[in-house]
Each structure stands twice: as structure tokens, then as C-alpha cells.
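Asker: below are the sequence and a predicted model for it; my questions follow.
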Amino acid sequence: MNNGFYAMLFRMKHINRWGIMHSLIPDKLSTHSLEVAFIAHALALIGNEMYGKGYDADRIAVKAMYHDVPEIFTGDIPTPVKYYSEETKSAYDRVEEASVEKLLSMLPPELKNEYSGVFTHTEDEHRLIKAADRISAYIKCREEIRYGSNEFIEASERLLAAIKDMRCAEADVFMREFLEAFDKPIDSILSEK
């Protein structure tokens with residue numbers, strides 16, 4: 001049987017992010033998804049270890065890895081476009097749902113149920129993945145600004161405000177404890193104790 005699910009996932013490396021902005025450093029959907037998974041995993045561990053939560057950190061990381069998979073069909077829709085109005089957001093949500101259904105239809109029945117769970121999130125999972133997504137985008141903005149692209153200044157400010165507005169304790173810890181290192185050269189990171 002010819003099942004295209006994984007072949008479609010491997011196309012994530014062809015999807016560019018930040019399409020309407022002049023980006024100095026190419027950002028692919030596959031790279032972003034892995035970075036969000038790293039951060040979501042960290043947020044879940046922070047929640048468990050510092051706040052006594054019972055998050056399934058590994059499961060959250062997997063769900064974060066798949067969080068933008070519908071963009072295989074749609075490409076990266078810029079946030080101002082996606083959230084332009086309730087009507088636009090609702091239409092995009094329907095397209096995302098159809099994209100997930102199309103992908104799931106490419107799996108053998110034995111795997112379809114397991115994978116459908118990857119695309120559904122509890123409220124806590126959604127909150128951590130959304131925070132990780134915003135942190136990843138914020139890190140990208142800071143990187144672009146550091147290399148001289150003023151194109152990302154407003155997006156950076158908007159994302160920082162959105163992260164703070166989430167009032168997500170786990171995200172606040174990540175930003176306080178880990179963000180500064182992203183602005184340092186490799187030698188500085190490696191020489192710190």
C-alpha cells in the first residue's frame with residue numbers, strides 16, 4: 001500500500017516561514033517545529049519540577065513537533081493575516097482541520113487513531129505549545145535583529161508582549177533563565193560555568 005503521510009511530513013523542509021518579511025536567515029517549517037518541540041518539552045519539565053505539575057513532557061514535545069503540520073498544505077500564513085478577523089481565523093481553522101484529516105487519511109487504519117491524538121491538545125498542552133511557539137518566534141526575531149534586520153523589530157515587540165500576556169509561569173522561567181544565551185556567541189556560551 002502507498003501511504004503518503006510521512007512523505008508529506010518530509011515536505012516541511014520546503015515550507016518557508018516569515019514569507020512577507022525580509023529574513024536574513026532562512027527559516028523552514030521543519031526547523032521551527034523541532035525548536036518548538038524542544039521549548040515545549042522544557043516548559044513541561046519546568047512545570048513539573050518547579051511548580052509540581054503532572055505534565056507528560058514527552059507527549060507534549062511530540063504534539064509540539066506536529067503543531068504546524070497543516071502548513072504543509074497552506075504554507076506559513078502571516079499572523080496579521082491569520083488573525084485579521086474572526087471570519088478569517090475561523091476559515092483558517094477549517095482549512096487546518098481539513099488538512100489534518102487529509103493527512104490522517106494517508107495512514108493505515110492501525111496508525112490513524114494514534115496519530116489523531118497528536119493533533120488534539122488539552123488546555124494545558126495547548127497553552128505550553130502556544131507559549132513555546134511564541135518563544136521560538138521571538139528568538140527568531142531577536143536573531144534577525146542581531147544580524148541587522150530591522151524588519152523584525154515590531155514582530156519582536158508584539159511577541160514579547162504576547163508571551164508576557166499569557167501569564168505562563170513556565171514560559172516566564174524559560175525567558176528568565178535561558179533567553180540571554182541565545183544572544184551570545186558560541187565561545188561565550190561554552191566558556192560559562
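Answerer: That came in fine, so what should we check first?
Asker: how about the helices in the protein?
Answerer: Remark: helices assigned in the chain by DSSP state H are 5-9, 29-51, 57-65, 71-74, 79-82, 86-104, 109-116, 123-146, 153-165, 169-178, 186-191.
Asker: of those helices, which is nearest residue 22?
Answerer: Residue 22 lies closest, by CB to CB, to one member of the helices of the chain: helix 123-146, at 8.9 Å. (C-beta placed from N, C-alpha, C; glycine too.)
Asker: what about this protein, any weak spots by pLDDT?
Answerer: Low-confidence segments of the chain (pLDDT under 70): 1-2, 193.
Asker: which residue is nearest the middle of it?
Answerer: residue 133 (3.3 Å; CA atoms, centre = their mean).
Asker: so who does the residue lying closest to it once chain neighbours are set aside touch?
Answerer: In this structure, residue 133 finds its nearest non-sequential neighbour in residue 36, 5.2 Å apart by CB to CB, 6 or more residues apart in numbering. Counting by CB atoms under 8 Å, 6 or more residues apart in numbering, residue 36 touches 64-65, 67-68, 129, 132-133, 136.
Asker: give me the number of residues near the closest residue to residue 73 other than its chain neighbours?
Answerer: Residue nearest to residue 73 in three dimensions, not counting chain neighbours: residue 99, with 4.4 Å by CB to CB, 6+ apart. Look at residue 99: counted by other CB atoms under 10 Å, it has 18 neighbours.
Asker: now the closest residue in space to residue 39 that isn't next to it in sequence: how far from residue 153?
Answerer: Spatial nearest neighbour of residue 39, excluding adjacent residues (CB to CB, 6+ apart): residue 132 at 3.8 Å. To residue 153, residue 132 is 22 Å away according to CB to CB, to the nearest Å.
Asker: okay, these two: which has more neighbours?
Answerer: Neighbour tally, residue 132 and residue 153, criterion other CB under 10 Å: the higher count belongs to residue 132, 28 against 12.
Asker: for residue 72, see how far away the more buried one is.
Answerer: As judged by CB to CB, residue 132 and residue 72 stand 20 Å apart.
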